[in-house]
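>>> I would like to see how this sequence folds:
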Amino acid sequence: MSDVLGIMIEGLVAILLMLTIGYCMLLNRRLKLLRADEDSLRATIAELITATEIAERAIGGLKAVAHDCETGLGDRLGLAEILSAELDRKLAAGKNVVGDLMQIATAGRRVAQSPHVQQHVQHAPPSQHNQQAAAPLQDPQAIAAAVQEFAERLRHKAIGRAA
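The predicted model follows:
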């Protein structure tokens, strides 16, 4: 009996060992699958890290380009404002020159139509009469009178601005 009991115990141990070996084989397969998944997961993580680094470099490049564009546009905008102000000043100066020329022309017409110039033109010899009628301001006295009248207007204008 002791031999039968020993054989039964050893049979039971053999069955348990076979079950343990089967279970170990099942665990080994699952571990292999897990390791395979781990390798693919590592590859995926490596790809994500690479993509993230590329994206970070691209973002850095975009920031640099945006900063350069902002600086360039700011410089151009400042230059445009300076040029615009200069054009405004030159336009105003041109308007003043045109106004002054109009005043000179008006003063010249008034002097040409003044009785003193008309009297001088009528008393001139016939050959000079045509030249003075065409250009009555060639007479030094008429030019001096026109310049004095113009200077008076400028003084009145300057006094009006100062007030």
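>>> Looking at this protein, which helix is longest?
When the chain is parsed with DSSP state H, its longest helix is helix 2-113.
>>> And that helix, what does it pack against?
Applying 3 or more C-beta pairs under 8 Å, 6 or more residues apart in numbering; DSSP states H and E, we find helix 2-113 packed against helix 140-162. Bear in mind the C-beta positions are built from the backbone N, C-alpha and C, glycine included.
>>> in the helix it packs on, what's buried?
For helix 140-162, a neighbour-count test (16 or more other C-beta atoms under 10 Å) marks 142, 145-146, 149-150 as buried.
>>> Let me know the closest of those residues to Asp88.
Phe150 (26.6 Å; C-beta to C-beta).
>>> Return the residues in contact with the residue nearest to that closest one when sequence neighbours are not counted.
Nearest non-adjacent residue to Phe150, counting by C-beta to C-beta, 6 or more residues apart in numbering: Ala107, 5.0 Å away. Listed by C-beta atoms under 8 Å, 6 or more residues apart in numbering, the contact set of Ala107 reads 146, 149-150, 153.
>>> Save the residues you listed as a markdown table, and put in distance to Cys69 too.
Shown next, in a markdown table, are the contacts of Ala107 (distance: C-beta to C-beta, whole Å):
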| residue | distance to Cys69 |
| --- | --- |
| Ala146 | 58 |
| Glu149 | 59 |
| Phe150 | 54 |
| Arg153 | 53 |
